[in-house]
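Trainee: starting from these lines, generate the structure:
(one chain, ligands or ions: 2)
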Amino acid sequence: MMGEANIMTTVVNHSDTVHVSVPATSANLGSGFDSVGLALDRRDHVTFTLGDVGDSSVEVEIHGEGEDALPRDESNLIVHTFLGACEALGLPRRALRMVAENRIPQARGMGSSAEAIVTATAAARAFAQDPASSLDREYVFAHAAEIEGHPDNVAPAVYGGLTVSWHYRHNDENLQDVNGGAIQDASIVEGFHTVNYLVSPEIAAYVFVPDFSLSTNKARRSLPDTVPYADAVFNVSRAGLLPAALESAGGESSNELLFYATQDRLHQSYRSQLMPQSAALMHSLRAHGYAAMISGAGPCVIVLHYGEISQELRQLAGEQLESGHWNLLNLPIDSQGVRVTRD
Ligand SMILES: Nc1ncnc2c1ncn2[C@@H]1O[C@H](COP(=O)(O)OP(=O)(O)OP(=O)(O)O)[C@@H](O)[C@H]1O
Ligand SMILES: N[C@@H](CCO)C(=O)O
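Mentor: Ligands and ions are numbered 1, 2, ... in the order given. Below is the predicted model of the structure:
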């Protein structure tokens, strides 16, 4: 017998409010320029509420980092990215109210722009999919990396932990089979890719955050077009060590491996004139055997270490910390990446 339930139309109530939280990230880790990234346990939380269809008003409330500087209109990176993503996903324009609670310092090398782009992309994707299904992280990673232009911050912001990412194009290599035809294989896909590695829970990040900023665009303009072959080989040998250095079980030799793995000749020296205080702090910490590096494009300095070293670092960087221009954050590694909930 056909019951009433069988003839009722199913109505899916798409929620009007989505909450997104995304961790800070540190890109490069010395040797892994534009490829390696690590998620840090410090998050921005953003709530998106959609109103009437056809109403294109935008209301933005910002608390914490950037509350005095970030725009509150469509030029805000999160708003701009969110509206573009909604349009690309075929969602109708609706009134938007966005409330941000920011804890990630901006333009410091802690992945704030990737956080903003991942937040916006994840929110749009959540509004477009069935509320019961889990977040489509592959979609968020692919689209956010495309917008950011390089995947090293976006991947850990989406997946958590340590990530090694790359971009693939069919014409990267001149691939031909023996009969002269181009190789076709459905499993080899153009676009951004990433591999997620476990990080030992005993490793902590210590981030020295200065009170001055540096935009990534400016830092990228200081890089040369080409690098010496020997420097490329130098970085390849160190970057290959990073997953092992961060995964391993700890102990004295692990900190030694972290030190070697984080050596770099591709970017930090070229940028040091833009942030001489950061370069000096990094060199002085490395002179004491610590795996210190510029976080992302700088000017933060990050130290990775097995075991607690807050006191040692406070002593070594006493001058900087006492100057009042630097703050030291002790952050565990984040293993979750982007989190999305709906009311
Ligand atoms: N929460 C946010 N809301 C809106 N815009 C943001 C937010 N966070 C960052 N931005 C935008 O991104 C800019 C900073 O991006 P930039 O790439 O220069 O630094 P970063 O991402 O913090 O550092 P890095 O890429 O080296 O880790 C800010 O000046 C602002 O325009
Ligand atoms: N790999 C990037 C990270 C900052 O977005 C750079 O160093 O320029």
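
Trainee: how about the residues of the stretch 151-300 of the chain by ligand 2?
Mentor: Where the stretch 151-300 of the chain comes near ligand 2, counting by C-beta under 6 Å from any ligand atom, the residues are 152-153, 216, 219-220, 267, 296-297. In this view, the C-beta of every residue, glycine as well, is placed from N, C-alpha and C.

Trainee: which ones among the residues you listed are found in helices?
Mentor: Within these, residues falling in helices by DSSP state H are 216, 219-220.

Trainee: same list, the residues you listed, but only the ones touching ligand 1.
Mentor: With C-beta under 6 Å from any ligand atom as the criterion, these include residue 216 near ligand 1.

Trainee: filter the ones in helices among the residues of the stretch 151-300 of the chain next to ligand 2 down to the buried ones, ChimeraX style.
Mentor: This is how ChimeraX selects the buried members of these, with burial counted by 16 or more other C-beta atoms under 10 Å:
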select :216,219
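
Trainee: tell me how many other residues crowd the spatially closest residue to residue 216 that is not a sequence neighbour.
Mentor: Counting by C-beta to C-beta, 6 or more residues apart in numbering, residue 297 is the residue found nearest to residue 216 once chain neighbours are left out, at 4.3 Å. Neighbour count of residue 297, defined by other C-beta atoms under 10 Å: 27.

Trainee: now the phi/psi pair for residue 297, please.
Mentor: Note on residue 297: backbone dihedrals following degrees, to the nearest 10 are phi -90, psi 10.

Trainee: repeat for residue 98
Mentor: The phi and psi values for residue 98, taken as degrees, to the nearest 10, are phi -120, psi 130.

Trainee: where's it relative to residue 200, distance?
Mentor: Distance, residue 98 to residue 200, by C-beta to C-beta, to the nearest Å: 37 Å.

Trainee: same question for residue 48.
Mentor: According to C-beta to C-beta, residue 48 and residue 200 sit 35 Å apart.

Trainee: who has more neighbours, these two?
Mentor: residue 48 (26 against 15).

Trainee: angles on the backbone of the closest residue to ligand 1 within the chain, please.
Mentor: Residue nearest to ligand 1 within the chain: residue 296 (2.9 Å; C-beta to the nearest ligand atom). According to degrees, to the nearest 10, the main-chain angles of residue 296 amount to phi 60, psi -130.

Trainee: before we move on, the earlier item: for the residue nearest to residue 216, what are its contacts?
Mentor: Residue 297 is in contact with 27, 109, 214-216, 219-220, 271, counting by C-beta atoms under 8 Å, 6 or more residues apart in numbering.

Trainee: which two in the residues you listed are spaced the farthest apart?
Mentor: Using C-beta to C-beta, the contacts of residue 297 span at most 14.4 Å, a distance reached by 27 and 215.

Trainee: so for the two, which residue has more residues nearby?
Mentor: Neighbours of residue 27 and residue 215, each counted by other C-beta under 10 Å, are more numerous for residue 27; the result is 29 against 13.

Trainee: report pLDDT for that one.
Mentor: The per-residue pLDDT reported for residue 27 equals 98.

Trainee: and what of the one 10 residues further on?
Mentor: On pLDDT, residue 37 comes in at 98.

Trainee: wait, a strand at it?
Mentor: Yes: per DSSP: H, G, I helix; E, B strand; the rest coil, residue 37 lies within a strand segment.

Trainee: show me the domain layout of this protein.
Mentor: 17-165+335-342, 199-332 (automatic domain parsing).

Trainee: can you pull out the strands in this structure?
Mentor: Counting by DSSP state E, the segments of the chain that form strands are 17-27, 36-53, 58-64, 94-102, 162-168, 191-197, 203-210, 291-294, 301-306, 326-332, 339-342.

Trainee: now check the longest one, is it near ligand 2?
Mentor: This means strand 36-53. No: Strand 36-53 lies apart from ligand 2 when judged by C-beta under 6 Å from any ligand atom; the minimum separation is 8.1 Å.

Trainee: can you list the domains of the chain in TSV and add distance to residue 185?
Mentor: Shown next, in TSV, are these (distance: least, C-beta to C-beta, whole Å):
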stretch	distance to residue 185
domain 17-165+335-342	19
domain 199-332	25
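
Trainee: among those domains, which is nearest residue 192?
Mentor: Residue 192 lies closest to domain 17-165+335-342 among those, at 4.1 Å (C-beta to C-beta).

Trainee: can you give me the end-to-end span of that closest one?
Mentor: Length of domain 17-165+335-342, first residue to last, C-alpha to C-alpha, to the nearest Å: 6 Å.

Trainee: which single one of the contacts of residue 297 is nearest to residue 247?
Mentor: Nearest member of the contacts of residue 297 to residue 247, counting by C-beta to C-beta, is residue 27, at 18.6 Å.

Trainee: ok now do that closest one, which residues does it touch?
Mentor: Counting by C-beta under 8 Å, 6+ apart, residue 27 makes contact with 34, 36-37, 109, 111, 152-153, 295-297.

Trainee: one step back: and the two most separated of the residues of the stretch 151-300 of the chain next to ligand 2?
Mentor: With distances taken as C-beta to C-beta, the most widely separated pair in those is 153 and 267, at 14.4 Å.
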